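**Q** Let me see the structure of the following:
(4 chains)
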Number of protein chains: 2
Amino acid sequence: MESRSRPVTLRMIADEIGVNVSTVSRVINASDTEARRWASGEVIERIRAVVAERGYQRNPQAASLRTRRSGLVGVLVPRLQDYVLATIYEGIEEAATEQGISTFVTNSLDVPANQIARTEIMLSRRVDGLIFGDAHTGEPFLDELAERGVKFVLVSRRAGNHVSATCDDVMGGRLVAEHLLASGRRDVGVLAGQPYASTGIDRTAGIVQACRDAGIDIPPHRIVQGGFDAPGGHEAAAQMIEAGGCPDAIFAANDFAAIGAMGVLRERGISVPDDVAVVGYNDTPLAAELPIPLTTVRSPMHEMGRRGLDLLVALLRGDEVESVRLAPELVVRASSAAAPSKM
Amino acid sequence: MESRSRPVTLRMIADEIGVNVSTVSRVINASDTEARRWASGEVIERIRAVVAERGYQRNPQAASLRTRRSGLVGVLVPRLQDYVLATIYEGIEEAATEQGISTFVTNSLDVPANQIARTEIMLSRRVDGLIFGDAHTGEPFLDELAERGVKFVLVSRRAGNHVSATCDDVMGGRLVAEHLLASGRRDVGVLAGQPYASTGIDRTAGIVQACRDAGIDIPPHRIVQGGFDAPGGHEAAAQMIEAGGCPDAIFAANDFAAIGAMGVLRERGISVPDDVAVVGYNDTPLAAELPIPLTTVRSPMHEMGRRGLDLLVALLRGDEVESVRLAPELVVRASSAAAPSKM
DNA sequence: CTGAAAGCGCTTACAG
DNA sequence: CTGAAAGCGCTTACAG
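**A** Below is the predicted model of the structure:
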């Protein structure tokens, strides 16, 4: 088996044409219009032809050594197994590729020690900037990073005053409240997710506020924290029902948690939506396929990733940037059909 | 806001101690034992102390320029949104981090043109090798890549004689057949997945063979191809039922496809497991939480990713390597409970 | 418009 | 055991 052939270098191109490497470098890195400032039309044409013919590809390591910019971005997510974060990452990666940027992703599992360690690894790889999908409220980590002059943006979750691309989760929570109240539900339980994630916090705040506006108070025992996955939702729902019986509506801050809750309800013979409405968040493709199709809030996950990358690029360019808040949309399905009127 | 401070270089360390950069380089890159061949105990100690104190981190771009090895690996998957591939990637990334290797992942969406284009991008980033989770049988692409001397391994799907880390999918299919036949099912339908993926091909071959061994032939109209996701399973199941009525067992080559199939059955009022048993593949965490818990085949996805990375590292080292085939395990749940005896 | 040179931060034969 | 030098492939002031 033959070994991989050595890549074409600038020098090879230059020698073949009989010009200096600096000229080739300038022409290659210039736009069509500004190239004329660096070389004669004939030389430009010749260079472009040979570059195409020989399949020249710039060596990014060499360029980065010289320019001190790597074209690399580090992305931290709680876990890529989570469909939501995987989708956000797809958006990031898509936008990055369009801009000629490469990304490294890694899982922090939402553990602060991992966040710190993974970030240092990213920095040692000389990333130009970072995108965090796992920001924790109340942790000093991101503030310290900003203090050090490291450039980063947040996606999915907000934190402090750091630049972020998120969904308007408070509004998402309000949409759910309005829908549930309109369909006759009065005893609303919330699976609030992790206490350090702005997503869960804001979605919970949204539904609580909107219910209060309608004169309904959600008592503390109806708000249970837990993981954003099926087992997490299972556990949280079980705990809620144990503590105060089953409410007539459950809002899970995440589709997977909603599925976990439906598991508990099935085990206990509680009927959805007759006894209890269930609403999720994110409109995962599974939501529509479930034996009981799930009402949920659609959030623009892919777009969020794209916008996050764009924000980071702007930041690295030195632009003044504003956080982005995208609008959610309620998708009503069978799991929250109006309750049969009782008594 | 202060700008990020310049990283510490070898030269700074060397100057501080008063030795040559080459000495520092040798000591840093040597193991504890071999360092003694390159420097006196005193110098070694001094270097290590200053490296730790100043927080020196090797510039990987500079090192790679010199050594012609980037420590970078490219990973192509159909789609990271797919839980199965996300999990395999987690294994890859985990093993890579342990070895000081960085990975780039990208989605090919199983489109051959994308596979080619993405691979070229990876190569232009100077990756040392590639891992493909999206191999297509019958496409010449991988053969051509091998011909060019590019180093790579496959995960999840086999193809040709290329080195791979996979699950024994034929055995997985056989396990399902034995279980279904033992619980009285006779008319078995298969949602076979994509025709170019060895996973679906092998799982189908396994169940077909095992049924034939038991004297039961699965007719062609009972084998339907389709996507490995919920919508794909939905469509394929609908097509199968349309063509020949509902079988008494459906084996989907993937849990998500199984969920899609359950959606069709629900719509048509067909009961699971009374009318039809449903079995999936991969034992996704959702499987256990579904309103009708799903019987499925557990495949060691995370381990597969780890083994794939290990294989690639061995290959890059020039070792002779053998493909790895991991064992699947059947997990029985409610969706395939024995049918009530009819008539 | 084009060239020659310096230098980014490393590693690694080659000397001694 | 340690140093001095070359060079990986680029980019970019500095000249002309």
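**Q** Quick one: residues in contact with stretch A:218-228.
**A** For stretch A:218-228, contacts defined as Cβ atoms under 8 Å, 6 or more residues apart in numbering or on different chains pick out A:78, A:82, A:84, A:187-195, A:197, A:200, A:204, A:207-208, A:211-212, A:232-233, A:235-237, A:239-240, A:243-244, A:247, A:253-254, A:256-257. C-betas here are computed from N, CA, C, even on glycine.
**Q** and those near chain B, which?
**A** The subset of these within reach of chain B, by Cβ under 8 Å from any Cβ of the partner chain, is A:Phe256.
**Q** Out of the contacts of stretch A:218-228, list just those in strands.
**A** Of the positions in those, A:Val188, A:Gly189, A:Val190, A:Leu191, A:Ala192, A:Gly193 sit in strands, assigned by DSSP state E.
**Q** Now these in a markdown table, please, with extra columns for distance to A:Pro300.
**A** Below are the ones in strands among the contacts of stretch A:218-228 laid out as a markdown table (distance: Cβ to Cβ, whole Å):
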| residue | distance to A:Pro300 |
| --- | --- |
| A:Val188 | 25 |
| A:Gly189 | 27 |
| A:Val190 | 23 |
| A:Leu191 | 22 |
| A:Ala192 | 22 |
| A:Gly193 | 19 |
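**Q** can you pull the contacts of A:Ala252?
**A** Applying Cβ under 8 Å, 6+ apart to A:Ala252 gives the contacts A:Val190, A:Leu191, A:Gly233, A:Ala237, A:Ala258, A:Gly260, A:Ala261, A:Val278, A:Val279, A:Gly280, A:Tyr281.
**Q** go again using 10 Å as the cut-off
**A** When contacts are counted by Cβ atoms under 10 Å, 6 or more residues apart in numbering or on different chains, A:Ala252 is found next to A:176, A:189-193, A:200, A:203, A:226, A:228, A:232-233, A:236-237, A:258-262, A:278-281, A:294, A:296.
**Q** now do A:Pro140
**A** The contact partners of A:Pro140, taken as Cβ under 10 Å, 6+ apart, are A:Pro112, A:Glu147, A:Gly160.
**Q** Up against DNA strand D, what does chain A have?
**A** Within chain A, the positions near DNA strand D by Cβ under 7 Å from any atom of the strand are A:6-11, A:21-22, A:25-26, A:28-29, A:56, A:58-59, A:62-63, A:65-67.
**Q** Do any residues in stretch A:16-29 lie close to DNA strand C?
**A** Yes. On the criterion Cβ under 7 Å from any atom of the strand, stretch A:16-29 is in touch with DNA strand C at A:Gly18, A:Val19, A:Asn20, A:Val21, A:Ser22, A:Thr23, A:Arg26.
**Q** Put the buried members of the residues you listed into a ChimeraX selection.
**A** The ChimeraX selection below is limited to those of these classed as buried (16 or more other Cβ atoms under 10 Å in any protein chain shown):
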select /A:19,23,26
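**Q** Show me the two of the residues of stretch A:16-29 next to DNA strand C that sit farthest apart.
**A** Pairwise distances across the residues of stretch A:16-29 next to DNA strand C (Cβ to Cβ) peak at 15.9 Å, for the pair A:Gly18 and A:Arg26.
**Q** Next, count neighbours for A:Leu309.
**A** Residues contacting A:Leu309 under the criterion other Cβ atoms under 10 Å in any protein chain shown number 28.
**Q** Give the burial count for the nearest residue to it once chain neighbours are set aside, as a bare number.
**A** Once flanking residues are discounted, A:Leu309 sits nearest to A:Ala95: 4.0 Å by Cβ to Cβ, 6 or more residues apart in numbering or on different chains. Taking other Cβ under 10 Å as the criterion, the count of residues near A:Ala95 is 21.
**Q** Likewise for the one 5 residues further on?
**A** The number of residues packed near A:Gly100 is 10, by other Cβ under 10 Å.
**Q** Surely it and A:Gly71 touch.
**A** Yes. A:Gly100 is within contact range of A:Gly71, at 6.4 Å (criterion: Cβ atoms under 10 Å).
**Q** and DNA strand C, which of the contacts of A:Ala252 contact it?
**A** Under the cut-off given by Cβ under 7 Å from any atom of the strand, DNA strand C has nothing from these close to it.
**Q** what does chain A put close to DNA strand C?
**A** Chain A comes close to DNA strand C at residues A:18-23, A:26, A:36-40, A:42-43, A:62, A:65-66, A:68, as judged by Cβ under 7 Å from any atom of the strand.
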